[in-house]
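Student: Just a sequence and a predicted model for now, questions to come.
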There are 8 protein chains.
Amino acid sequence: MGSQNDAPIMQGAVDVLKDLGISVEMTVASAHRSPARVVRLIDEAGKRGVAVFIIGAGAAAHLAGVVAAHVTKPVIGVPIDSSALKGLDALLSTVQMPPGVPVATMSIGKPGATNAGVLAAQILALGDKGIAARLEKYKADLADKVEKAARDLQGT
Amino acid sequence: MGSQNDAPIMQGAVDVLKDLGISVEMTVASAHRSPARVVRLIDEAGKRGVAVFIIGAGAAAHLAGVVAAHVTKPVIGVPIDSSALKGLDALLSTVQMPPGVPVATMSIGKPGATNAGVLAAQILALGDKGIAARLEKYKADLADKVEKAARDLQGT
Amino acid sequence: MGSQNDAPIMQGAVDVLKDLGISVEMTVASAHRSPARVVRLIDEAGKRGVAVFIIGAGAAAHLAGVVAAHVTKPVIGVPIDSSALKGLDALLSTVQMPPGVPVATMSIGKPGATNAGVLAAQILALGDKGIAARLEKYKADLADKVEKAARDLQGT
Amino acid sequence: MGSQNDAPIMQGAVDVLKDLGISVEMTVASAHRSPARVVRLIDEAGKRGVAVFIIGAGAAAHLAGVVAAHVTKPVIGVPIDSSALKGLDALLSTVQMPPGVPVATMSIGKPGATNAGVLAAQILALGDKGIAARLEKYKADLADKVEKAARDLQGT
Amino acid sequence: MGSQNDAPIMQGAVDVLKDLGISVEMTVASAHRSPARVVRLIDEAGKRGVAVFIIGAGAAAHLAGVVAAHVTKPVIGVPIDSSALKGLDALLSTVQMPPGVPVATMSIGKPGATNAGVLAAQILALGDKGIAARLEKYKADLADKVEKAARDLQGT
Amino acid sequence: MGSQNDAPIMQGAVDVLKDLGISVEMTVASAHRSPARVVRLIDEAGKRGVAVFIIGAGAAAHLAGVVAAHVTKPVIGVPIDSSALKGLDALLSTVQMPPGVPVATMSIGKPGATNAGVLAAQILALGDKGIAARLEKYKADLADKVEKAARDLQGT
Amino acid sequence: MGSQNDAPIMQGAVDVLKDLGISVEMTVASAHRSPARVVRLIDEAGKRGVAVFIIGAGAAAHLAGVVAAHVTKPVIGVPIDSSALKGLDALLSTVQMPPGVPVATMSIGKPGATNAGVLAAQILALGDKGIAARLEKYKADLADKVEKAARDLQGT
Amino acid sequence: MGSQNDAPIMQGAVDVLKDLGISVEMTVASAHRSPARVVRLIDEAGKRGVAVFIIGAGAAAHLAGVVAAHVTKPVIGVPIDSSALKGLDALLSTVQMPPGVPVATMSIGKPGATNAGVLAAQILALGDKGIAARLEKYKADLADKVEKAARDLQGT
């Protein structure tokens, strides 16, 4: 993520990934303030065989695009609402990538961080039956929670 | 995709996938006009082992979200500029998904369709070294084309 | 409605309908997290002769559109302000439906929930003189309240 | 509708209503340029038993709200893209009604006009089995057209 | 103004007008909830020789346009930030009037209410030298306050 | 107006004013490219007793605000759609004036230019019964044209 | 800056400039409320050899454009979020300048004020090796802070 | 610039710089498609003593930010209208930079390219009296052209 201020938001992705039994590592690297660090981390990630990148950034959110420029692995971007424009700037900066260099853009903020974790799991599940099974259960749980919420609401 | 009018746009995804040696199938199914067809196609896709879904839709672009609600495979959404609001409606309808149900949203229109193909290839490349190699070449070609464009421009 | 968090908003519709002597039932069903539940509720509603559907949802608010895809009864949509984009996403996702599948879209949030109740009553009043009479009184009361507010203001 | 320039758009509502066997009348009355005419038409409509109002207007689209202020019948609003702001102004002017006075807002422009006709039919169908049956067929035809479009596309 | 909730905002116009020695009257009348009251007040205002109308309204802010439809006196509109969309809806509903029926639109909220009072005074000053002189002083005071603020700031 | 390119738009104000028998003069002066000219014209206008200023400008439309900063006469602003942002920039630059310095903002483009002429006439009519009478006729003609348009439409 | 209320924001520019050893002076002058003061300050600045102007303003933020109209020195504009529209109005008013009269526009609010200081230093550094060296250190510090934040985060 | 398609727009900057007697070089380098080329060009530019960078890019316009991340020279960004969102995406991606890393953002499209050239000249003029003199003449010519346009318009 682009700033340590984004950590409470991006923790949502970490939580989902851990729940789904997927190893994850979180760090800070700014495309604008520490470009060399970004490239170094990408290089190291390549050597360690990182499969998917999840990037959270706000305002002129370039970090996901910068990572996508360097790798052929899937890059997932989470626009963060950290400016006066309420994340619209981060959304457009993240999603409007030119042809050939996709960023898989999630919704703004916390829901997007959670979804970044889920999408990463869906990608990895294509080659890992354990993750696939846990994702099926995760999806069933989502539906169960809605059923329970409905019972709670109507019981009131 | 949600309408046959979207075919010229979505062909961009087909072209990339074919170039990268990935089998692809394109059809039309509207979340609003033919919801039963959508569910039937999702069921069939599940049986045939479809790995990734690419969905293009405009206006109140619900199709990607509807597909994502039913599957645990990655779903890639391409917002299409087919209304008075120039794709802003399709972008927000596609990207602002609730926690638990991600849609990997691409840029609006033709660039997004191309990128949907590239992202699908990136996902599949995690388990297929042939695709991974072709993606590396695709990425190198992108850079080469920029070099060539620069030479052409400066040669003028 | 798409989430139990929307209940305080959507209660506005329930209140108006009860005041106008119309039976109403409120539940939760997410188009994205519990699509099977949505279809089951629509089927049951069809059997019980539900006349009008009122749907509240936020962010990528697909629920009203999904219901409208399945029924030929009037579907009223209330965009809810529950994301960083302040309901603009929910508004566009709800209102920009393709030809053939309308959602009667109300204003964002609490005023929209109230209006969903009023519109449902207006629809039912076409076939029920009692509701029609109560609606006339409701409308007269609105005007009376403005007169009273004016007196209060000018009395100060 | 608010201007004769809106006639080609609003014809979409007329066409659907005629196809569904519902009598319809189209006229022009501007909330701003001819307010007395608007009130006179509303009065006459009340006497003739008009059941549903469909209003198309662009820019500061007040006409639907003005009609809704005077009647307790359902009022359907179609925002028309006739200004520099591409219908965003008409959409917000039409949909953001205060509590107590709903306008059932459709999508911007031609799709919205078609949907206004369909929604009016859905409302009238609650008390008319013939219309209800024709609407069921209309809905089935929508799905059939998608199937046919899919065959055409894949046949190519 | 369209709602008693707008009174604290619109008081800004009253204050300026009183300061400039201009008689002013404030009341509530909703274009949507009390249309008959609006027309009655306009008629009375015509008989009493009201010279300028100042209208504050939020959301689908139709009141200024409705008044402008009935009078040939200047109508000044103040868009009020009272909805989820932060006054953008009220601004577009107030300003985007069709040709022939102007509303002199001010900035959103409190600054706009103050300015409505100033513009009304500027209009009346064309025929009243006393108001013209007080306006000149008001303008000089604005500049003096800036000078004083600068001294305060730099003195710190 | 800020640029000679705006002349075809602003001619709409000239036409209305001439039709209503009001003398008018049109010129070009850019707040940004010729600030000294702007101040000189304002000074000359003050000496000649110009009663109302109508300003058309696009993009970062500062001209109306700059004129309003110098005079205590009414200043009417017409935002012009001459940039990529379709006049939204000009609208916000014109309307969002700080307290004490109003610009009476019209709708974007040609309708706004016409309305600027009408508003200027409404202002002058407060002190000129001839203009007041012609404005009454202008307003009646607007309504007549709507009646005629309705007859034409329904005669078809 | 246009208002004393902007001082806490614009202090960010002062702080950076002082840290980089550049003399700076801050004052208030409103383009709309004190235009004569603005021109007087510009004249004085010209005589004192001011090299770069930094202007902060909100709403219809004309001040940077007005200064740019008078000088051939670089003018840096900071849009301030001080209206209902959250700085979008100030951004568009500041950035959308016509050809020939640039304003170097920064991001909205506090980050923009800081960046205005940095950009001014970058400009002055072209002719001052001391500033250039301090800027290199400032840039290295930015990267160091990211490294430290990453260690802090991962140490947790 | 990020794409050879931007050349006709960015030529505006080249033209101004040549007119003002400043040496300029134009090339293409995409932050996303050719990141290595971008860094190589930045390194070479540093060695050759390039004083100011002008960057044009559209959509998710990251190029200016990427360059600004690497240099302490002034970076000027021109948002280009090359996507469905009409340059709003490019504007926000270019301008909303985080504290410490400014991009001097110009207006969208052709006017912005011209202004980038002018701003670069203003920056260089601080250390070059010849450029300063030519800029004064350029500014005087702008005003003269307005005077001429006014004469042409009024002569008609």
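Tutor: Thanks, I have it. Numbering: from 1, shown residues only, chains lettered A, B, ... in the order given.
Student: what about the helices in chain A?
Tutor: In chain A, the helices defined using DSSP state H lie at A:7-19, A:35-48, A:63-70, A:88-95, A:110-125, A:129-155.
Student: Which one, of these, ends up nearest to B:G109?
Tutor: Closest of the helices of chain A to B:G109 is helix A:88-95, at 11.8 Å (criterion: C-beta to C-beta). (C-beta placed from N, C-alpha, C; glycine too.)
Student: Show me the shaky parts of chain A.
Tutor: Residues of chain A meeting the criterion pLDDT under 70: A:156.
Student: Would you mind giving the helices of chain A as TSV with distance to chain G added?
Tutor: Shown next, in TSV, are the helices of chain A (distance: least, C-beta to the nearest C-beta, whole Å):
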stretch	distance to chain G
helix A:7-19	6
helix A:35-48	6
helix A:63-70	11
helix A:88-95	9
helix A:110-125	15
helix A:129-155	24
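Student: Now do the contacts for A:Y138.
Tutor: Going by C-beta atoms under 8 Å, 6 or more residues apart in numbering or on different chains, A:Y138 touches A:19-20, A:118, A:121, B:100.
Student: Distance check, A:A125 against chain C.
Tutor: In this view, A:A125 and chain C are 18 Å apart by C-beta to the nearest C-beta, to the nearest Å.
Student: Please disregard the earlier target; I meant A:I42.
Tutor: Distance, A:I42 to chain C, using C-beta to the nearest C-beta: 28 Å.
Student: how many neighbours does the closest residue to that residue other than its chain neighbours have?
Tutor: Among residues not flanking A:I42 along the chain, A:H70 sits closest, at 4.9 Å (C-beta to C-beta, 6 or more residues apart in numbering or on different chains). Here the count is done by other C-beta atoms under 10 Å in any protein chain shown, and A:H70 has 20 residues near it.
Student: pretty sure A:H70 contacts H:S34?
Tutor: No: in this structure A:H70 lies outside contact range of H:S34 using C-beta atoms under 8 Å: 11.0 Å.
Student: Contacts only, for A:A150.
Tutor: So A:A150 contacts C:4, C:27-29, C:37 (C-beta under 8 Å, 6+ apart).
Student: The residue lying closest to A:T94 once chain neighbours are set aside pairs with what?
Tutor: Sequence neighbours aside, A:G77 is the residue nearest to A:T94 in space, at 4.1 Å (criterion: C-beta to C-beta, 6+ apart). Beta-bridge partners for A:G77, by DSSP bridges, are A:I55, A:T105.
Student: so which of the helices of chain A is the most packed in?
Tutor: Ranked by mean neighbour count, the helices of chain A are led by helix A:88-95 with a mean of 31 (mean count of other C-beta atoms under 10 Å in any protein chain shown).
Student: what sits against the residue nearest to A:T94?
Tutor: For A:G77, the contact set (C-beta under 8 Å, 6+ apart) comprises A:55-57, A:61, A:64-65, A:94-95, A:103-106, A:116.
Student: can you do 10 Å?
Tutor: Contacts for A:G77 (C-beta atoms under 10 Å, 6 or more residues apart in numbering or on different chains) come out as A:53-57, A:61, A:63-65, A:67-68, A:90-91, A:93-95, A:97, A:102-106, A:112, A:116, B:104-105, H:60.
Student: cool, A:V75 as well?
Tutor: Contact analysis of A:V75 by C-beta under 10 Å, 6+ apart lists A:52-55, A:63-69, A:94, A:97, A:101-105, B:119, B:122.
Student: again, but for A:L85
Tutor: A:58-59, A:91-92, C:84, G:81, G:86-88, G:91, G:107-109, H:92, H:96.
Student: closest to chain B among those?
Tutor: The nearest member of the contacts of A:L85 to chain B, counting by C-beta to the nearest C-beta, is A:L91 at 6.9 Å.
Student: how deep is the nearest residue to the closest one once chain neighbours are set aside tucked in, by neighbour count?
Tutor: Spatial nearest neighbour of A:L91, chain neighbours left out: A:P79 (4.2 Å); criterion: C-beta to C-beta, 6+ apart. Counted with other C-beta under 10 Å, the neighbours of A:P79 add up to 30.
Student: got a list of what the residue nearest to A:I108 when sequence neighbours are not counted touches?
Tutor: Counting by C-beta to C-beta, 6+ apart, A:I108 lies nearest to A:G87, which is 3.9 Å off, once chain neighbours are set aside. In this structure, A:G87 makes contact with A:58-59, A:61, A:79-81, A:94, A:107-109, A:112, C:83-85, judged by C-beta under 10 Å, 6+ apart.
Student: A:D43 touches A:H70, doesn't it?
Tutor: Yes: contact criterion C-beta atoms under 10 Å: A:D43 and A:H70 qualify, at 8.5 Å.
Student: list residues touching both of the two?
Tutor: If you check A:D43 and A:H70 against C-beta under 10 Å, 6+ apart, no residue is contacted by both.
Student: Can you get me a residue count around the residue of chain A at minimum distance from chain E?
Tutor: Nearest residue of chain A to chain E, counting by C-beta to the nearest C-beta: A:K86, 9.8 Å away. A:K86 has 20 neighbours, counted by other C-beta under 10 Å.
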